[in-house]
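Peer 1: The following block contains a protein sequence and its predicted model.
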Amino acid sequence: MNHVNKLRVVKGYRPFDRRITFMTWHPKKPTVLAVGSKGGDIIFWDYNEPKHEHMINGQGPGGSIQAMKFDVVDPSKIYTASITGLVCKQDFYGRNTQVFLETDNKDHWYTSLDVSFTGKVMLAGDNKGYVRILSVDGEQISQIRLHKQKVTHAEFNPREPWLISTASIDHTVKLWDIRNVKPKPEALHILNHNKPVNSAYFSLAHGNRLLTTDQHSELRIYEGPLWNHARTIAHPHRQFQHLTPIKAYWHPLEDIVIAGRYPDPNFPGYTTAELRTIDFFDADTGKILTQIIPHFKNGIISLNRFDAIGNVMVSGMGWDILVWKPFYPDGQDEKEDDEPTKFKEAETPEHFIKKKRGGGKTKKID
DNA sequence: AGTGTATGTTCCC
DNA sequence: TGGGAACCCTACAC
């Protein structure tokens, strides 16, 4: 089966002066990922290295990276959508920028992005409820209002690239047939939620399930081909302005749901001992499989992404990138430490703890 | 320790 | 349909 319950943080890295807002793996290099920040910075990092090789500098406040997608045809380039109002494609140095969309209005920006390389089409959702459809070379095909409020997420089904999902603050997730785009399109399915929705991801293994994360306490699973509501998983992950929105995501090989927990005193069953874990659920049953937590630091973990083979997982925990690997103990005891840490360059928790043990002050965490 | 910074959502007129 | 205050209550720098 899987080894999700054997995961352990082997590295932490803090490359930015702001929160992490997005993470995605390189399509060809299995140890490389792109990470974006609240300030618009993007790094390309091989997690076997202590530091990133390239960083694209953002504008600081108001630059937040909302979505990124590597160009599969030329993986030295990446598409980005940000609060600056731009959708563009750049190389690792931030050069050779191709601008696809630009709002020129500080109150109007792009929130989501996906590219279908088989269909040669790209999608970008904005904060007003519109979705734009473009050819991969940037020719605009249409601009349609699919939601009443901000579109938080838009993506192509990996198996059927004509099928797209969109999620919105307007409490809905909608499924659309992109072949049938009219000025006033009708959704194939409207999936109503109780709260605003952060994301609606098709399952990575087969593409026949849809996983939604709302802004309060529901994870939902819908199943194709009719996209019936299969089940709801109660899970605390409420929205907060200064927290990167929590988005549950899929394991790449099995239908396992991965979600960061933000304990909520108002959530049924809450206890003061509840931790800011990463929770894993079986999508078939909705049952919790396991919970993991970094043993040396305690922050809310908004984003989690396994690599393509389901071996290494990276997490976005505030300003920190965590790298998790399966660990099979060979007898020695695990060291524990509550000391918060700061990563200037990637280091192992053990390395950090060793340094701290040499006479650092101790700080109590209530 | 105490304050300032950060572009998220709701509710009200 | 838009502007502004209230509210959600993290986590950093100085």
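Peer 2: Everything's here; your move. The model shown is predicted, which means the values in this text are computed figures rather than measured ones. Numbering: from 1, shown residues only, chains lettered A, B, ... in the order given.
Peer 1: got the contact list for A:T111?
Peer 2: Listed by CB atoms under 8 Å, 6 or more residues apart in numbering, the contact set of A:T111 reads A:Q66, A:A67, A:A81, A:G125, A:D126, A:N127, A:K150, A:V151, A:T152, A:H153. C-beta coordinates here come from the backbone N, C-alpha and C atoms, glycine included.
Peer 1: A:P61 versus the fourth one, what's the distance?
Peer 2: So that's A:G125. Note on A:G125: its distance to A:P61, by CB to CB, to the nearest Å, is 22 Å.
Peer 1: higher neighbour count, these two?
Peer 2: Neighbour count, other CB atoms under 10 Å: between A:G125 and A:P61, A:G125 has more, with 29 against 11.
Peer 1: where does the more buried one fall, helix, sheet strand or coil?
Peer 2: At A:G125 the chain is in strand, as set by DSSP: H, G, I helix; E, B strand; the rest coil.
Peer 1: And for the nearest residue to it once chain neighbours are set aside, the neighbour number?
Peer 2: Sequence neighbours aside, A:V151 is the residue nearest to A:G125 in space, at 3.1 Å (criterion: CB to CB, 6 or more residues apart in numbering). Around A:V151 there are 27 other residues, counting by other CB under 10 Å.
Peer 1: A:V151 contacts A:R132, correct?
Peer 2: No - counting by CB atoms under 8 Å, A:V151 does not reach A:R132; the two are 10.2 Å apart.
Peer 1: Overlap in contacts, the two.
Peer 2: Here A:V151 and A:R132 share the contacting residues A:D126, scored by CB under 8 Å, 6+ apart.
Peer 1: Tell me the backbone dihedrals of A:R179, please.
Peer 2: Backbone torsions for A:R179, taken as degrees, to the nearest 10, come to phi -70, psi -10.
Peer 1: residue contacts, it?
Peer 2: Taking CB under 8 Å, 6+ apart as the criterion, A:R179 is in contact with A:W162.
Peer 1: distance of it from DNA strand C?
Peer 2: Applying CB to the nearest atom of the strand, to the nearest Å, the value for A:R179 to DNA strand C is 29 Å.
Peer 1: ok, now A:W109?
Peer 2: Taken as CB to the nearest atom of the strand, the span from A:W109 to DNA strand C is 14 Å.
Peer 1: Do I have it right that that residue meets A:A67?
Peer 2: No - the criterion here is CB under 8 Å, and A:W109 misses it with A:A67 at 11.3 Å.
Peer 1: ok, those two, which is more surrounded?
Peer 2: Counted by other CB under 10 Å, A:W109 and A:A67 do not tie: A:A67 has more neighbours, with 25 against 22.
Peer 1: hang on, that one packs against A:L86?
Peer 2: No - using CB under 8 Å, A:A67 makes no contact with A:L86, being 11.7 Å away.
Peer 1: shared neighbours, those two?
Peer 2: A:T80, A:Y110.
Peer 1: near DNA strand C, which residues of the stretch 251-366 of chain A?
Peer 2: A:D264, A:G299, A:I300, A:M317, A:G318, A:W319, A:D320, A:P340 (CB under 7 Å from any atom of the strand).
Peer 1: Ramachandran coordinates for A:K6?
Peer 2: The phi/psi pair for A:K6 (degrees, to the nearest 10) is phi -100, psi 0.
Peer 1: Might one say that it is in contact with A:W324?
Peer 2: No - taking contacts as CB under 8 Å, A:K6 lies outside contact range of A:W324: 9.4 Å.
Peer 1: Residue in the stretch 51-200 of chain A with the shortest distance to DNA strand C?
Peer 2: Per CB to the nearest atom of the strand, the residue of the stretch 51-200 of chain A with the smallest distance to DNA strand C is A:D107, at 6.9 Å.
Peer 1: how close does that residue sit to A:D126?
Peer 2: From A:D107 across to A:D126, the span is 11 Å (CB to CB).
Peer 1: out of the two, which sits in the busier spot?
Peer 2: A:D126 (25 against 8).
Peer 1: which non-adjacent residue is nearest the more buried one?
Peer 2: With CB to CB, 6+ apart as the criterion, A:D126 has its nearest non-adjacent residue at 5.3 Å, and that residue is A:Y110.
Peer 1: Could you list the contact residues of the stretch 101-250 of chain A toward DNA strand B?
Peer 2: Residues of the stretch 101-250 of chain A lying near DNA strand B (CB under 7 Å from any atom of the strand): A:106-107, A:109, A:127, A:149-150, A:152, A:169, A:195-196, A:215, A:239, A:241-242, A:245.
Peer 1: Kindly check the end-to-end length of stretch A:76-87 for me.
Peer 2: Distance across stretch A:76-87, first residue to last, is 17 Å (CA to CA, to the nearest Å).
Peer 1: can that stretch be found next to DNA strand B?
Peer 2: Yes - counting by CB under 7 Å from any atom of the strand, DNA strand B has neighbours in stretch A:76-87: A:I83.
Peer 1: What are the contacting residues of that stretch?
Peer 2: With contact meaning CB under 8 Å, 6+ apart, stretch A:76-87 is reached by A:34, A:36, A:40, A:42, A:58-59, A:62-71, A:88-92, A:96, A:99-106, A:108-113, A:115, A:122, A:124.
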